[in-house]
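Chemist: Here is a sequence with its predicted model. Questions after.
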Amino acid sequence: MSVVSAILFDKDGTIIDFSASWMPAIYQAANEFASGNSLDIAKLLAVSGVDQASGKVLSGSLLAAASNQEIAECWADTLNITLDDQLSAQMNATFAYHNANSSVPVTDLKVLFTQLKSLGIKIGVATSDSQQGAEATLRAAGVLELMDFVSGFDSGYGIKPQAGMVDAFCQQHQLDKESLMVVGDNTHDLHMARNAKAKYAVGVLTGTSNKEDLAEADYVLDSIADIPALVKSLT
């Protein structure tokens, strides 16, 4: 039996390719938030972490790690407008639409998750996106039914890097943190793992971070496709 009994995955940049999946959503959300004003759109993208030269999201930036609500609050402050429920709901709806229609998995998730579950491993997803967005992504990939736990920033367990989502996963399934692995592409994910006292904090390079950014991880992998080999090496 594997020494790993459960794995909690981040979503964006971890089970889905960040740039391929999220840049269209980010540009649309900024356009809607700024009512199509090109100067304001540029301000929103810059202040939240889009590098003007490369068009990519910077590691450790708001867009790389923050919740939808935190992004909306930053954008409202930048434009000096009031953040109301309508603006927040519009952002969540835009992100949820792209989760369902333009997410690009980093590998065959059904094959990967089925393989892990055959080893008796519980599987969860903890994201700074909404729970609705997470479920839309997993449903589109055909793996929602394989999940033992799904949590977003609005699920009531707190936000990253707090330990709440990890704690909830463990409490719901009576998991021993000494056999728990947390996998993500950002330091927020690693800090969440540490704050929750998970045994393994694993970084992957399919998001906004490079190896140097993830140096504090126990292991850094090219992608989650390498997780089964890592798990087997720990047995």
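Modeler: Arrived safely. Residues are numbered from 1 along each chain as shown.
Chemist: Wait, a strand at residue 182?
Modeler: Yes - membership of residue 182 in a strand is supported by DSSP: H, G, I helix; E, B strand; the rest coil.
Chemist: Show the pLDDT at the nearest residue to it once chain neighbours are set aside.
Modeler: Taking C-beta to C-beta, 6 or more residues apart in numbering as the measure, residue 182 lies nearest to residue 193, with 3.6 Å between them; neighbours along the chain are not counted. Using the backbone N, CA and C atoms, a C-beta is placed for each residue, glycine as well. Listed pLDDT for residue 193 reads 98.
Chemist: can you tell me the helix or strand for residue 53?
Modeler: Residue 53 belongs to no helix or strand when assigned by DSSP states H and E.
Chemist: Count the residues that sit near it.
Modeler: If you count neighbours by other C-beta atoms under 10 Å, residue 53 ends up with 5.
Chemist: in stretch 141-149, what's buried?
Modeler: Judged by neighbour count (16 or more other C-beta atoms under 10 Å), stretch 141-149 contains these buried residues: 141, 143, 146, 147, 148, 149.
Chemist: Start and end of it, how far apart?
Modeler: Stretch 141-149 has an end-to-end distance of 16 Å (criterion: C-alpha to C-alpha, to the nearest Å).
Chemist: can I get the buried residues of stretch 141-149 in JSON lines with pLDDT?
Modeler: Listed next are these as JSON lines, based on pLDDT from 0 to 100:
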{"residue": "141", "pLDDT": "94"}
{"residue": "143", "pLDDT": "97"}
{"residue": "146", "pLDDT": "98"}
{"residue": "147", "pLDDT": "98"}
{"residue": "148", "pLDDT": "98"}
{"residue": "149", "pLDDT": "98"}
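Chemist: quick one: which of those residues sit in strands?
Modeler: Under the assignment DSSP state E, the buried residues of stretch 141-149 contribute residue 149 to strands.
Chemist: check contacts around the residue lying closest to residue 152 once chain neighbours are set aside.
Modeler: Leaving aside its chain neighbours, residue 152 sits nearest to residue 131 (3.6 Å; criterion: C-beta to C-beta, 6+ apart). Residues counted as contacts of residue 131 (C-beta atoms under 8 Å, 6 or more residues apart in numbering) are 150, 151, 152, 154, 155.
Chemist: I am finished for the moment; much appreciated.
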